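Novice: Next come a sequence and a model predicted from it.
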Amino acid sequence: MAIAIGGAIALGKIALYRGESISATWFVVAAICCYLVAYRLYSAFISAKLLALDDTRATPAERLDDGRDFVPTNKWVLFGHHFAAIAGPGPLVGPTLAAQFGYLPGTLWLIAGCAFAGCVQDFIILFCSIRRDGKTLGEMARDEVSKRGGMIAQIAVLAIMVILLGVVALVIVNALKSSPWATFTLAMTIPIALLLGLYLRYLRPGRVLEASLIGVALVMFAVVAGQWVAESPSWAHAFTFGGVALAFTLMAYGFAASALPVWLLLAPRDYLSAFIKAGAIFSLAAGILTVRPDVHMPALTKFVDGTGPVFAGKIFPFCFITIACGAISGFHSLISSGTTPKMIQRESHARFIGYGAMLLESFVGVMAMVAACAMPPGVYFAINSPPAVVGATAEAATATISGWGYQVDPGTMNALAHAVGEQTLFNRTGGAPSLAVGMAQIFSSTIGGERLLSIWYHFAIMFEALFILTVLDAGTRVGRFMVQELGSRAWKPFGRTSWLPGVLLSSALIVGAWGYFLYQGVIDPLGGINSLWPLFGISNQLLAAVALVVATTILLKMGKLRWIWVTLAPMAWLVIITMTASWQKIFDGNPRIGFLSAANAMAAQIAAGKIPAGKILETQRLIFNQRLDAVVTALLALMILFLLAEALFQWAVILGKRRAAVLHESPYIATTWMAEPEGD
């Protein structure tokens, strides 16, 4: 009750306060209290009433242990892997961009959306996959909804996955190109992970605490050593790569993470990454509680009307699409039905890993929102607004932003850029640079002051790149599972995860698919994968809708009609959001929102002779990309609507009792581990 009352007071303060600034402490208190109540009560309700978790039942990790993909894993190590795998760029960048609406809409959605939608999806899909030998989301859709709907879902999920991984890899390349510190630190996590995997497998099996201390110490040393590398001309040169070289290096790493046994590289590296991720976020929260900075961004800005400079569109639906991963993410359902269910030791661990890890990711999103909103609004908009909106020069940009009522001047921006070691901070769109500045200011206020601002800034850049890399390796492995499942339709042995030739070939296929988009993005930044950025929020939420459709169908078949609202309500909300956003992105008459209107506007400029001759080819490519975006958005939306129609038909059949509801669960087999300790 005390925690609930504390959370209610903090939420009320955030929602109702309308002064010039508000203490960031309220955000930390509100988030932590709400998460504790949600985990203690709502996740327990789902565990008992909907799922009835059964620790007497053997999990796939016990029954199908093959030493490669199905590997029993300590729940703390698996929690670290799962959190690291799901916590990608979304909870960092999404809230930072959505801050243009003000702190209130994004913060409320991060907390409420996580507790009632994101955590529910991750937890229930993980449970469903455990009960089905670790099957992926697409295969569960095929078994539980319909063969036609499942096939559509598998194709849609794989297509979205390939595009997502290509763009995630491109973000990593862009982050590492300018930072030998980040490149060195990320590179060192690979041999450290291999050492940790061998240590736990052969040298000291089960000694998780020992291995964790060794691994964390080595990773922290690698972070510190990264600064030495960056300051050494010879070493900095050795760890400074061009875009193409980094692209092929990431492809090689993705292949290794997919093909090698999960205990050797993927799980220990993600586990170690989780320490840095969670450590940095909790340190940021501690810094906020210590420094108690003020949030200067208003609760609601003038840009709620859809005229925002960071991105165009009104709060509904674009705040929810932009926040994405911090509240609910379809990508999480791929991890919950990919690597994690093949490694979990007991069904009861699904609550801690599935529901708990998503709560931690949402906390990352809240901290990102605070870091973005703690800087003066004028500085925030100067960093995140593109030159086409505010002007290409410092004078023009500051004049435009000051005209909106958010005061900023060129001197302030130049001094800040110098302090963090950058040439300029104007027009650094994408969210990552402004988040790094916000984090650096909070950290430096706690330790080191202004003289360490540049070090904290580059640490934040490395921290963001680390977040993203763990999505790439886990996502590639899940993509490999999808390729094997689809390939098994043509040739059964190809689907066996224990068959090495199939593992190598499917790994090469999925890496080659996203690697193609990555390469095109590196050599042609005006088109290719960059043009698909507006689709990612929509695609991610469409995936979440797919996951909740499958979860709702399974719960109906389990006879849980009384509690079906747990998945049905967030599913309906996501369908409304994604279909509205898809329609607006395709058909809206504003060229800053609608793909087709943007393409038509550029085509009209060419016809009127307003485009210089040297820019015509480039403009034609942009027109093609805008129209391609419209087609891809329409196809994805139609595929999800088709799956929903198939599911509605199945629900009608089940509720009308016209056919017996058949669950495709694996047979019950009693565990032999009940009396065995889980290790430290």
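Specialist: Nice, thanks for sending it over. Residues are numbered from 1 along each chain as shown.
Novice: Sketch out the low-pLDDT regions of this structure for me.
Specialist: 174-175, 178, 206, 429-431, 467, 523-534, 674-680 (pLDDT under 70).
Novice: by contact count, what packs against the helix of greatest length in it?
Specialist: Counting by DSSP state H, the longest helix found in the chain is helix 616-655. Secondary-structure packing of helix 616-655 (3 or more C-beta pairs under 8 Å, 6 or more residues apart in numbering; DSSP states H and E): helix 147-176, helix 533-557, helix 565-587, helix 595-607. C-beta coordinates here come from the backbone N, C-alpha and C atoms, glycine included.
Novice: out of those helices, which comes closest to residue 374?
Specialist: helix 147-176 (22.2 Å; C-beta to C-beta).
Novice: name the helices or strands packed onto the closest one?
Specialist: helix 137-144, helix 180-198, helix 243-259, helix 330-336, helix 453-487, helix 500-523, helix 533-557, helix 616-655.
Novice: which residue sits closest to residue 188, ignoring its sequence neighbours?
Specialist: residue 222 (3.8 Å; C-beta to C-beta, 6 or more residues apart in numbering).
Novice: and what of residue 385?
Specialist: Ranked by C-beta to C-beta, 6+ apart and with sequence neighbours excluded, the top spatial neighbour of residue 385 is residue 309, at 4.0 Å.
Novice: Then the one you found would be within a strand, right?
Specialist: No: counting by DSSP: H, G, I helix; E, B strand; the rest coil, residue 309 falls outside a strand, being coil.
Novice: As TSV, the helices and strands packed on helix 147-176 with mean neighbour count and distance to residue 168 would be great.
Specialist: What follows is the helices and strands packed on helix 147-176, written out as TSV (neighbours: other C-beta atoms under 10 Å; distance: least, C-beta to C-beta, whole Å):
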stretch	mean neighbour count	distance to residue 168
helix 137-144	25	18
helix 180-198	21	14
helix 243-259	19	10
helix 330-336	29	10
helix 453-487	24	5
helix 500-523	20	8
helix 533-557	25	9
helix 616-655	17	17
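Novice: To residue 17, which of the ones you listed lies closest?
Specialist: helix 453-487 (27.8 Å).
Novice: what angle sits between the closest one and helix 147-176?
Specialist: Here helix 453-487 points in a direction 150 degrees away from that of helix 147-176 (axes from the mean of the first three to the mean of the last three C-alpha atoms, to 10 degrees).
Novice: Number the residues from 40 up from this point.
Specialist: Sounds good: first residue 40 from here, last item helix 492-526.
Novice: And helix 492-526, how far out from the chain middle?
Specialist: Distance of helix 492-526 from the chain centroid (C-alpha atoms, centre = their mean, to the nearest Å) equals 9 Å.
Novice: Tell me which residues touch residue 257, please.
Specialist: 227, 231, 234 (C-beta atoms under 8 Å, 6 or more residues apart in numbering).
Novice: hang on, isn't the first one packed against residue 259?
Specialist: No: using C-beta atoms under 8 Å, residue 227 is not in contact with residue 259; the gap is 10.8 Å.
Novice: thinking again about what came up before, count residues in the vicinity of the residue nearest to residue 227, would you?
Specialist: 20 (other C-beta atoms under 10 Å).
Novice: likewise the one 4 residues further on?
Specialist: Residues contacting residue 265 under the criterion other C-beta under 10 Å number 25.
Novice: for residue 253, same thing?
Specialist: 16.
Novice: Let me see the contact set for it.
Specialist: 234-235, 238.
Novice: Turn those residues into TSV, including distance to residue 221.
Specialist: TSV is the format used below for the contacts of residue 253 (distance: C-beta to C-beta, whole Å):
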residue	distance to residue 221
234	21
235	21
238	26
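Novice: just to revisit the earlier point, roughly how far apart are the residue nearest to residue 424 and residue 362?
Specialist: 18 Å (C-beta to C-beta, to the nearest Å).
Novice: Could you do residue 622 as well?
Specialist: In terms of C-beta to C-beta, residue 622 sits 20 Å off from residue 362.
Novice: same deal with residue 139?
Specialist: Taking C-beta to C-beta as the measure, residue 139 falls 12 Å from residue 362.
Novice: And the contacts of stretch 599-619?
Specialist: Contacts of stretch 599-619 (C-beta under 8 Å, 6+ apart): 85, 88-89, 155-156, 159-160, 163, 355-356, 359-360, 367, 577, 580-581, 583-584, 587-588, 590-591, 594-595, 676, 679-680, 683, 694.
Novice: Could I get the buried residue list for it?
Specialist: For stretch 599-619, the neighbour count (16 or more other C-beta atoms under 10 Å) marks 599, 603, 605-607, 609-610, 612-614, 616-618 as buried.
Novice: re earlier: list the contacts of the residue nearest to residue 227.
Specialist: 223-224, 227-228, 231.
Novice: and it, what helix or strand is that in?
Specialist: helix 247-270 (DSSP states H and E).
Novice: now that helix and helix 219-237, what's the angle there?
Specialist: Going by the same axes, to 10 degrees, helix 247-270 makes 160 degrees with helix 219-237.
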